[in-house]
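Chemist: Quick one, fold the following:
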Amino acid sequence: MQYGMVAFHYPHPAHREDFLGRVRQVADVFRAVPGCLSAEGWFAPDSGAVVSVVRWESEEAFQAGFAAVRTADVDVAFDDRESKPREIHRLVSA
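Modeler: Numbering: from 1, shown residues only. Okay, here's the model as predicted:
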């Protein structure tokens, strides 16, 4: 069974480029973890959302990915650079 995550982030327009860079850095950390199948950042021009999409081959890889992000030197803080709360959805293959 594969595991995934889709996260919608809503940076203020003035912080969008910075936020896209942050998403790329986190995706690099995820991709370096064995069992990560893909990690990408997308921009949704209609809503202004930055969307993170990550897939892992197992729940263990999913957990290892988040453990790696917690210990990496990447900025994942939610603060006033974002206009509203993030929407994060954990997925399992059907």
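
Chemist: quick one: pLDDT of the residue lying closest to Met1 once chain neighbours are set aside?
Modeler: Computed as C-beta to C-beta, 6 or more residues apart in numbering, the closest residue to Met1 that is not its neighbour in sequence is Ser93, at 5.4 Å. Glycine gets a C-beta too; all of them are placed from N, C-alpha and C. Looking at Ser93, its pLDDT stands at 96.

Chemist: Tell me how many other residues crowd Ser93.
Modeler: Applying other C-beta atoms under 10 Å, we find 8 other residues in the vicinity of Ser93.

Chemist: List the residues that contact it.
Modeler: Taking C-beta atoms under 8 Å, 6 or more residues apart in numbering, we find Ser93 in contact with 1-4.

Chemist: Show me the contact partners of the longest strand along the chain.
Modeler: Residue-count comparison of every strand in the chain, with assignments taken from DSSP state E, identifies strand 82-92 as the longest. Residues outside strand 82-92 that contact it (C-beta under 8 Å, 6+ apart): 1-12, 15, 19, 48, 78.

Chemist: Likewise for stretch 33-43?
Modeler: Taking C-beta under 8 Å, 6+ apart as the criterion, the residues outside stretch 33-43 that touch it are 2, 16, 20, 23-24, 26-28, 30-31, 49-58, 60-62, 64-65, 68.

Chemist: If we use 6 Å, what do you get?
Modeler: Stretch 33-43 is contacted from outside by 23-24, 27, 30-31, 50-58, 61, 64-65, 68, using C-beta atoms under 6 Å, 6 or more residues apart in numbering.

Chemist: Buried among the residues you listed? Make that a PyMOL selection.
Modeler: Provided next is the PyMOL selection string for whichever of these are buried by 16 or more other C-beta atoms under 10 Å:
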select buried, resi 23+27+30+50+51+52+54+55+56+61+64+65+68
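
Chemist: May I see the buried residues of stretch 62-81?
Modeler: By 16+ other C-beta under 10 Å, the buried positions in stretch 62-81 come out as 62, 64-65, 68-69, 74, 81.

Chemist: what's the farthest-apart pair in these?
Modeler: Taking C-beta to C-beta as the measure, those span a maximum distance of 27.7 Å, between Ala64 and Arg81.
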